[in-house]
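**Student:** My questions are about this predicted structure, shown below with the sequence.
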Amino acid sequence: MLGSMKPINLRASLLLFFIALLPLHSAASERPQVWLMQIDGAISPASADYFMSTLRRAEREGVELLVLQLDTPGGLDASMRDMVKAILGSTVPVATFVAPSGSRAASAGTYIMYASHIAAMAPATNIGSSTPVSISPMGMGGEQSEQPSAMEKKVINDAVAYLQGLAELRGRNEAWAEETVREGANLGASEALELGVIDLIAEDLEDLLASLHGREVMLDSSTHSLQLADHQLTRIEPGWRYELLSLITDPNVAYILLMIGLYGLILEFYNPGMGIAGVIGIICLLLAGFALHMLPINYAGLALILVGVGLMVAEAFSPSFGVLGIGGVVAFVAGSILLMDSDLPGYQISLPLIGAFAAASAAVFIFVIGAALRARQSKIVSGMEAIIGAAAEALEDFDTQGRVHAQGENWHARSTQPIRRGQALRITAIDGLTVHVEPTDEQHPPDN
């Protein structure tokens, strides 16, 4: 009886132990979650995708606060607007923190700061320079433009209205929002706090989170009090998708993928075979198409590239004494230069890369493929087809059928005309082992 009690007591003890652990597990799971992600460098399609995917995950997992540690010189307008829209529609508070010291939130970074629920900066950081990059204050020859064009006015007014709308929503300085767009104004951290551009200055992340505990933020027309005591911090690292997007959305890489894709398909159509060139070409074109869809491209430039490649191919197939080839190279180079519709330094295609592809394209299409086509069109010198048109000599007299000597061999021959021994003949057709011949004007035996 006592022996049977021991297993029961053991099971009961284990059950009580696990029941006692449940409150501890529940308390651990209820700790406020704070996620930290970093964006260093230009605001690009890759960084926008990284931010938006992280924000969506944070919403699904009920994160208390997402901290975006930012250091950017600016970036693409479309990517910046995607990030701003995600912040405005978020159910998770977003705190953008310009850090560490020496960092900046310039151009597109300023818009992201204004859109965030909390805008913070570390000491010795700056914000501003929000004039659209496509609007240059310098005219031709480096002189100051006196009057902006109508398009420049539209772009600037749109940017001013956009940033002031964000300032009104978050209760930040609207006058300075206009100044940073029209004049490219900059502020240090202390001045930005004094003018109401940001909410606070923090030495580091822990100082920021301590300052934000209990702070109220506006979410979907309702206020939310941040509870960050005993928080659990998770650092979000970019995954393979971010790395892939960063690679293929580099304008030079996208340009290379486009060229490889075009060349691969052209080679496959010219000489169908194993399909390796075609498969590589299709994959590269799909990757290039995806990258170009995310980048600010000029479709006129893309059209010029395609026209240039087409003209160089036409030069190879139907030589025009260089007219088509030269026109193709000019169109190709012009299209490559115009392809990126952005004045940002990081979104321009390298001129040496354009020159290398232009020279390689001209060489491949005009010389290599041209030589291959000429070789294909040259006279056949071996095989059964080479016999047609060859010279032959009659070995006997015959009216319709007889024997002839051609190509070092004796052949059974047919003719529609009477043939005399030793007469020079020409083979006009071949039917199995019988050749069809006709007399020529030559009266001497052919060389064999």
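**Tutor:** Everything's here; your move.

**Student:** And the strands in the stretch 101-250 of the chain?
**Tutor:** 104-106, 118-121, 126-128, 186-188, 200-201, 216-219, 222-225, 232-235 (DSSP state E, counting those that start in this stretch).

**Student:** just so I know, which of those lies nearest Ala391?
**Tutor:** strand 104-106 (82.0 Å; CB to CB). To be clear about C-beta, it is placed using only N, CA and C from the backbone, and glycine gets the same treatment.

**Student:** one step back: out of the strands of the stretch 101-250 of the chain, deepest packed?
**Tutor:** Mean neighbour count (mean count of other CB atoms under 10 Å) peaks for strand 118-121 among the strands of the stretch 101-250 of the chain, with a mean of 27.

**Student:** Enumerate every residue touching the closest residue to His436 other than its chain neighbours.
**Tutor:** With sequence-adjacent residues excluded and distances taken as CB to CB, 6 or more residues apart in numbering, His436 is closest to Ala429, at 4.2 Å. By CB atoms under 8 Å, 6 or more residues apart in numbering, the contact list for Ala429 reads Ile388, Val435, His436.

**Student:** filter the residues you listed to the buried ones?
**Tutor:** Buried members of the contacts of Ala429, counted by 16 or more other CB atoms under 10 Å: Val435, His436.

**Student:** Tell me the one of the contacts of Ala429 nearest Leu306?
**Tutor:** Ile388 (41.3 Å).

**Student:** Test my guess that the closest one contacts Ile430.
**Tutor:** Yes. Using CB atoms under 8 Å, Ile388 makes contact with Ile430 at a distance of 6.3 Å.

**Student:** helices and strands of the chain: which one bottoms out on pLDDT?
**Tutor:** When each helix and strand of the chain is scored by mean pLDDT, DSSP states H and E, helix 2-29 comes last, with a mean of 51.

**Student:** Pull up the pairing partners for the next helix or strand along the chain from that helix, direction included.
**Tutor:** Using DSSP states H and E, the helix or strand that follows helix 2-29 in sequence is strand 33-40. According to DSSP bridges, strand 33-40 forms sheet pairs with strand 65-71 (parallel), strand 232-235 (parallel).

**Student:** Please name whichever of the ones you listed is nearest to Asp399.
**Tutor:** strand 65-71 (98.1 Å).

**Student:** The stretch 251-400 of the chain: helices as residue ranges?
**Tutor:** In the stretch 251-400 of the chain, the segments counted as helices under DSSP state H, counting those that start in this stretch are 251-270, 276-294, 299-317, 323-338, 351-362, 369-377.

**Student:** Might you report the residue contacts of Val63?
**Tutor:** Counted by CB under 8 Å, 6+ apart, Val63 has contacts Gln33, Val34, Trp35, Val92.

**Student:** 6 Å - rerun?
**Tutor:** Val63 sits next to Gln33, Trp35, Val92 when contact means CB atoms under 6 Å, 6 or more residues apart in numbering.

**Student:** ditto for Val92
**Tutor:** Val92 neighbours (CB under 6 Å, 6+ apart): Ala58, Glu59, Val63, Leu66.

**Student:** For those, pick the one with the most neighbours.
**Tutor:** Counting neighbours by other CB atoms under 10 Å, Leu66 leads the contacts of Val92 with 26 neighbours.

**Student:** For that one, give the beta-bridge partners.
**Tutor:** Going by DSSP bridges, Leu66 forms beta bridges with Trp35, Val94.

**Student:** Domain map for the protein?
**Tutor:** Following automatic domain parsing, the chain resolves into domains at 30-135+148-241, 249-377, 384-439.

**Student:** would you turn those domains into a markdown table with mean pLDDT?
**Tutor:** Formatted as a markdown table, these follow (pLDDT from 0 to 100):
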| stretch | mean pLDDT |
| --- | --- |
| domain 30-135+148-241 | 92 |
| domain 249-377 | 80 |
| domain 384-439 | 84 |
